[in-house]
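# dropping the sequence and predicted coords here.
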Amino acid sequence: MPDFKALFEAAPGLYLVLTQPDFSIVAVSDAYLRATKTERAAILGRGLFDVFPDNPDDPAADGVRNLRASLERVVQFRRPDTMSVQKYDIRKPESEGGGFEERYWSPRNTPVFGPSGQFSYIIHRVEDVTGFIQLKQRGAEQDKLTDLLRERTEQMEAEIFMRAREVEAAREQLEAEQKLRQVQKMEAVGHLTGGIAHDFNNILTVITGLIDILAEAVEHDAALSSVTKMISDAAFRGAEVTKHLLAFSRQQPLQPREANLNTLVQDTARLLRPSLGEQIEIDTALEPDAWPAFIDPNHMSTALLNLALNARDAMPDGGKLMLETSNVILDEVYAAANLDVRAGEYVMVAVSDTGGGIPAAIRDKVFEPFFTTKDTGKGTGLGLSMVYGFIKQSDGHLKIYSEEGHGTSIKLYLPRSMGDMVDVEPPAPVDTRGGHESILVVEDDPLVRNYVAAQLEQLGYHTMVTANGPEALAAVEKGFVCDVLFTDVIMSGGMNGRQVADAVIAKLPSVRVLFTSGYTEDAIIHHGRLDPDVTLLPKPYRKADLARMIRQVLTQPPASVVAAK
Ligand SMILES: Nc1ncnc2c1ncn2[C@@H]1O[C@H](COP(=O)(O)OP(=O)(O)OP(=O)(O)O)[C@@H](O)[C@H]1O
Ligand SMILES: [Mg+2]
């Protein structure tokens, strides 16, 4: 007969044999003792729940309750009962520091019946699944972590996207503000220079005019003649500067008309040839069907000349100058991105070189008057400002493309003209003779007034000099019959030149009118364009200019006839 007790105790499973209904321990396997850290002698005969109470430190512990319920079910239904995995902590022996240790079990309780079918014991068999559960928990934690990480990554991606959009918007805003500031700055500088140029013109008119008188007086004295020549040259340079300043401030009188830019570019290229030197090659690429542009051709030539000279200066060791024309449509998108551009059809003229390029840091400054990187005496810094003012005044647009070390391309966009092309009229032959006609002068600046009077008298004209409109009208009322009314445009005294002219024409329908101005104003010049019937002598002017213009108006039909047309 085998020793069943020894066999039972050595069985590899975790077994406990309980009595019923009081659930005290009658037998236990060695494996069970090891798993629950108990001793056979210490637990045999004791109540199950006395030996294995709930962990008092775990408020959620329900092992005792669940196990008791299962055992009661076994008794009641006389059937085995498999429990779900239970958290049932075990007490640690004092040698391990006391307290409880977390444990998970998978129990199954099975009834044992006697030979006559009477209920005798319950076998409580468990599996220690702590390792599995803990592993699963760690897995779940890992999953939770992975989920969290994914969520966080998604959040971060969304944040990065939003932030990038914000940065982009901020950058656009900044760019727009910078462009606006640049435009405003150029406007402010324009007003300032315009004002200065205006005052300067009056002063220069006097100087240049009086020098001529002086020069005639000292004609026979070589030393003094060279002095007057020096004064004259300086005044001439001053006049050039004021002219450029007026151009920059968009206040030069322009006579725009339909012009063929291809012809203009070709003429300019021919003109340039001698001043560019052998080392610079000139190349043209012209749009065969270039639209006509609405532009003042003389000033356009000057602008191209300025750009070409800049190109030459940028290529001291030689290179290529390229002149191009093409038809371009600037669309709404382009107009929106460039504050001061109107969408529409333009004729583009590009002047490009293979020179050193314009460093990005100064690209915004090159249009400012007096900005130059050239040595003193080599550049005044007015070339590009003039081009800028002229193009703006002509309702055009310009753009610099430049790459340091490779070259520069300056593109001028000129409004397309919708009418037919007209040929540029050849200039009238210059006639600087004087005459004996009568001239009524209206000029509010006393210096200029006296100078003009002196000049006209020298030329032989019969002159009446007045300081403002009412004075001039009074002279006409008193019977002064003039052939020419020579009047300033902007004046004190309540009447501008246009109003004076209209009043005088009403009295003397045969009168010719010559306006003079250092400034362009709405009275005769609308948006920088001369009215077609207006003849203007821009300030400052020399004696020869004055003589020529007086002769010119005398050959024109009377103002009343022109106006009536
Ligand atoms: N094609 C170009 N290549 C390189 N730099 C240029 C070019 N055009 C202009 N610049 C730069 O812009 C500056 C201003 O040009 P701008 O024509 O207004 O004056 P300037 O040539 O120096 O003098 P000015 O034209 O009055 O004789 C130049 O000094 C130069 O630094
Ligand atoms: Mg220049």
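Cool, the structure landed. Residues are numbered from 1 along each chain as shown. Ligands and ions are numbered 1, 2, ... in the order given.
# first-to-last residue distance for stretch 401-411?
8 Å (Cα to Cα, to the nearest Å).
# same thing with stretch 251-265?
End-to-end for stretch 251-265, by Cα to Cα: 24 Å.
# how far away from the center of its chain is it?
With Cα atoms, centre = their mean, to the nearest Å as the basis, stretch 251-265 stands 30 Å off its chain's centre.
# rounded mean pLDDT for that stretch, please.
Regarding stretch 251-265, the rounded mean pLDDT is 88.
# and the strand or helix carrying Val265, which residues are buried?
Per DSSP states H and E, Val265 falls inside helix 261-276. Using 16 or more other Cβ atoms under 10 Å as the test for burial, helix 261-276 gives Leu261, Asn262, Leu264, Val265, Thr268, Ala269, Leu272, Leu276. Where C-beta positions appear, they are placed from N, C-alpha and C, glycine not excepted.
# who does the closest residue to Met322 other than its chain neighbours bridge with?
Closest residue to Met322 apart from its sequence neighbours, by Cβ to Cβ, 6 or more residues apart in numbering: Ser352 at 4.2 Å. Ser352 forms beta bridges with Met322, Ser409, as assigned by DSSP bridges.
# hmm, Met315 and Ser352 touching each other?
No. Counting by Cβ atoms under 8 Å, Met315 is not a contact partner of Ser352; they are 11.1 Å apart.
# pLDDT score assigned to the closest residue to Ala10 other than its chain neighbours?
Distance criterion Cβ to Cβ, 6+ apart; nearest residue to Ala10, sequence neighbours excluded, is Asp30 at 6.2 Å. Per-residue pLDDT puts Asp30 at 96.
# swap in Ala523?
For Ala523, the predicted pLDDT is 51.
# what of Asp423?
pLDDT for Asp423: 49.
# ok, now Arg163?
89.
# check for me that it belongs to a helix.
Yes. Using DSSP: H, G, I helix; E, B strand; the rest coil, the secondary structure at Arg163 is a helix.
# tally of neighbours for it?
Close neighbours of Arg163, defined as other Cβ atoms under 10 Å, add up to 10.
# any idea how far it is from Leu180?
26 Å (Cβ to Cβ, to the nearest Å).
# returning to what we had before: any idea how far the residue nearest to Met322 is from Gln142?
Using Cβ to Cβ, Ser352 is found at 65 Å from Gln142.
# these two: which is more packed in?
Set Ser352 next to Gln142 and count neighbours by other Cβ under 10 Å: Ser352 wins out with 21 against 10.
# residues touching that one, list them.
Ala311, Leu321, Met322, Glu324, Gly407, Thr408, Ser409, Ile410 (Cβ atoms under 8 Å, 6 or more residues apart in numbering).
# by neighbour count, which of the residues you listed wins?
Ala311 (27 neighbours).
# so that residue makes contact with Ile358?
No. Ala311 is not in contact with Ile358 according to Cβ under 8 Å; the separation is 11.3 Å.
# can you list residues touching both of these two?
Shared contacts of Ala311 and Ile358 (Cβ under 8 Å, 6+ apart): Thr408.
# which helix or which strand is home to the residue most central in space within the chain?
Closest residue to the average C-alpha location of the chain: Glu175 at 3.0 Å, with Cα atoms, centre = their mean. If you go by DSSP H and E, Glu175 is part of helix 130-217.
# after that helix, next one along is what?
helix 222-248.
# can you count the residues close to whatever residue of the chain ends up closest to ligand 2?
Residue nearest to ligand 2 within the chain: Gly383 (2.7 Å; Cβ to the ion). The number of residues packed near Gly383 is 22, by other Cβ under 10 Å.
# which residue packs closest to it, ignoring adjacent ones?
Counting by Cβ to Cβ, 6+ apart, the residue nearest Gly383 is Asn306, at 4.1 Å.
# that neighbour: neighbour count?
Neighbours of Asn306 (other Cβ under 10 Å): 20.
# what touches both of Ser352 and Met315?
By Cβ under 8 Å, 6+ apart, the residues touching both Ser352 and Met315 are Leu321.
# so what's the residue of the chain closest to ligand 2 scoring on pLDDT?
pLDDT for Gly383: 90.
# and the residue nearest to Ala10, how far from Asp89?
22 Å.
# check His462 too.
On the measure of Cβ to Cβ, His462 and Asp89 end up 130 Å apart.
# ok, the two, which is more surrounded?
Just comparing His462 and Asp89: by other Cβ under 10 Å the higher neighbour count belongs to Asp89, 21 against 15.
# I figured that one was touching Arg103, is that so?
Yes. In this structure, Asp89 is within contact of Arg103 by Cβ under 8 Å, at 5.6 Å.
# domain ranges for this structure, per the record?
4-128, 151-248, 257-415, 438-564 (automatic domain parsing).
# in CSV, list these along with distance to Gln134.
Formatted as CSV, those follow (distance: least, Cβ to Cβ, whole Å):
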stretch, distance to Gln134
domain 4-128, 8
domain 151-248, 25
domain 257-415, 64
domain 438-564, 88
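# from Gly389, how far out is whatever residue of the stretch 101-250 of the chain ends up closest to ligand 1?
Ligand 1 sits closest to His244 of the stretch 101-250 of the chain, with a gap of 7.5 Å, by Cβ to the nearest ligand atom. To Gly389, His244 is 9 Å away according to Cβ to Cβ.
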